[in-house]
Structure formats: structure tokens, C-alpha cells
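Q: Build me a structure from this.
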Amino acid sequence: MGCLISQLAAKFAFFPPAPATYQVKKRDDGKLVAVSTQSSMPIAVDDASFDVLSINTKRGNKIIAFYLKNPYARLTVLYSHGNAADLGQLYDLFVQLKANLRVNLIGYDYSGYGASTGKPSEFDTYADIEAVYECLQTEYGISQEDLILYGQSVGSGPTLHLAAQLPRLRGVVLHSAILSGIRVLCQVKYTLCCDIYKNVNKIRKVKCPVLVIHGTDDDVVNWLHGDGLWKLAREPYEPLWIKGGGHCNLELYPDYIRHLCRKGQSSLPTSAVTLNSNDPNAQNVIFRIALSAAGGPNVQNAQSVVRIACHVSNLAA
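A: Numbers count the residues shown, from 1 in each chain. Here you go, the predicted model:
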């Protein structure tokens, strides 16, 4: 019975866009470029600050990563996306984050997503993020002290897997995160051996600051998952609950995002923060780093793609 539940949880976890929204081609000079499947045009406008990477994993797959360089950046964000998007859908978001937040940013497609080879699985996503981190170290000289791990929804699984191994990380952000795969499907008091993404156990091993953000009306991953992770974190930041927000509909107004970015040099509030997603003029929320996450379909409709956005707090202080 347990294994059947585990298989069900695994099917819930992965919805790679089909067909992929981009392809990877090699130019005459050997540089890899990402090309939109729809328009057949290169995705990147600023080619000099954008690297398309093909990275080998220890499980034998080649995964694709987008690395966006910011010459003014001190920190780097390693972004693990949700279960139903690929890098082609996320590029515009990455550009905005790089510019507004003055960070380097690397996002990657899990095995079986986008132009990455293989099939998605829990353990493949672990191998994927480990390979990306190794690439950041060897190719770009980025240390864990200057690295923020960001995981949205299913991306919280590989994020916490890596974070549990890196004691000197700058910080971790968990957006619409899950306690575990089976706990998304049903309430259980104990972690089953066949469960997937046992974040409920791994969060205890994370030594860096952890920020949790969640929509209070999330009907895919109940906000209590985020609340549970926050309470279990060893060094939690005050959580960000987005009042009325769901799993894939945390739309933010442009002026609201700009306001948060203008307040970027201010300090983290000392009390828990609740955002009203219907209030574009909320003046009481201050963050140094404001991140938006582009998400994919509701689990009931794997073809619809919606945009999700959220914010992260000051992890650079």
C-alpha cells in the first residue's frame, strides 16, 4: 500500500511541459544557445551575460542550466523551479531578477524537463542540483557563503537536500514548499519509508537562515506545509504569508514589485509579515531581495500555465 502511495505522490510531482518551450543548439564557435520552440529565435538578448550550460549528473543525465551574470553582484541565487515549468518560460523572470536584485542567478531544468535528458524522479532532482552546485564552484568560483538556494513547490525538495549538506550557505528560501510528497495527498503523522521529498526531516539539518513564504489559500499545497517547515527550521526568518494567495495565482502588481525593490536596502521586519495580495500599495513590507517565481499548472490541469510571484527577505545582511 505504501509503495502505491509513493507512486501516486511521484506522479503528482512532475509535469514537464510537452513539448519543451526551448531547444539548445551549438553555434559555429561552440557556444550553446537556447532557442524558443515557438519562434525559433534565440531566447537571450544580452548574449555576453548569459551562459547556456550542459551539465553531467552522477546519474548519467545531461541537464541544461541558464546562468545569468550580473557584474555588480556579490550573491548568487540557485533557483529550483516548480513542477510544471521549464527554463524557456522562466528566462524573462530571471532577467528581471538579475537586474532588479543585482544578483547572479542560475536556474536549471530537472532531468526530463526542457532540453535535459532522462526522466524526472526524486533522486534525479537531487543529482541535478548537486551537479549545478559543483558547476558553480568549478566554473564560476562561487562559494556557499555567497549562495542563496531558492526552491518553489517541488523545488523545495532538491533545495533542502543540498542545503542540508552545506553548513555555510547564505540562506534558503522556501516558496509554497511541501513537508513531503505523501503529505500533500493525505494527512499522516509519521514519515513513511516510501515517501518522497522528506523535507520534514531535512529541514532540521539546515544550519543557515530559512525564509518560508506561502499563500494562505493554497489549495494544492496547504499553507500548513509552510508553517510546519518554518516551525522546524533551526534558524527561521519570520515567515511571509500572502493572504488570499493560492499555489499558482500569487499575482503581484508591477508597482508593488517596484515598491519592494525601492525598499531593498532596508532591514527585515522584526515580526511576522502578512501580505494582502489584493493590496498593491502595501507600505509595511521591506525586503532587500524580492524574488518572483514563474510557475506552472494546477495539478488538476497540467495544460494551463499561470504566473506566480512572491518575495524573499533580506538574506544578505
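
Q: only C-alpha atoms for contact and neighbour calcs from this point on.
A: Fine.

Q: Lowest-scoring secondary structure element of the chain by mean pLDDT?
A: Within the chain, no helix or strand scores below helix 254-262, which has a mean of 32 by mean pLDDT, DSSP states H and E.

Q: confidence score at residue 308?
A: What the model reports for residue 308 is a pLDDT of 28.

Q: Apologies, that question was intended for residue 247.
A: So, for residue 247, pLDDT stands at 74.

Q: do residue 216 as well
A: Confidence score, pLDDT, at residue 216: 88.

Q: is it true that residue 22 touches residue 109?
A: No. Counting by Cα atoms under 8 Å, residue 22 stays clear of residue 109, with 11.2 Å between them.

Q: Comparing these two, which residue is more hemmed in?
A: Counted by other Cα atoms under 10 Å, residue 22 and residue 109 do not tie: residue 109 has more neighbours, with 27 against 23.

Q: hmm, back to that, which neighbours do residue 22 and residue 109 have in common?
A: 87, 115 (Cα atoms under 8 Å, 6 or more residues apart in numbering).

Q: If residue 36 is in a bridge, with which residues?
A: Here residue 36 sits in beta bridges with residue 22, as judged by DSSP bridges.

Q: Any idea how many residues pack against it?
A: Neighbour number of residue 36 under other Cα under 10 Å is 18.

Q: What segments of the stretch 1-150 of the chain are helices?
A: Ranges of helices within the stretch 1-150 of the chain are 2-13, 87-101, 122-140, based on DSSP state H, counting those that start in this stretch.

Q: so which of the ones you listed comes closest to residue 239?
A: Smallest distance to residue 239 across those (Cα to Cα): 20.2 Å, for helix 87-101.

Q: Who are the packing partners of that closest one?
A: strand 62-68, strand 104-108 (3 or more Cα pairs under 8 Å, 6 or more residues apart in numbering; DSSP states H and E).

Q: quick one: average pLDDT of the first one?
A: Mean pLDDT, strand 62-68: 98.

Q: Could you do stretch 221-230 as well?
A: 89.

Q: Give me the contacts around that stretch.
A: By Cα under 8 Å, 6+ apart, stretch 221-230 touches 153, 174-179, 184, 199-200, 203, 210-217, 236, 239, 247.

Q: can you do 6 Å?
A: 177-179, 184, 214, 216 (Cα atoms under 6 Å, 6 or more residues apart in numbering).
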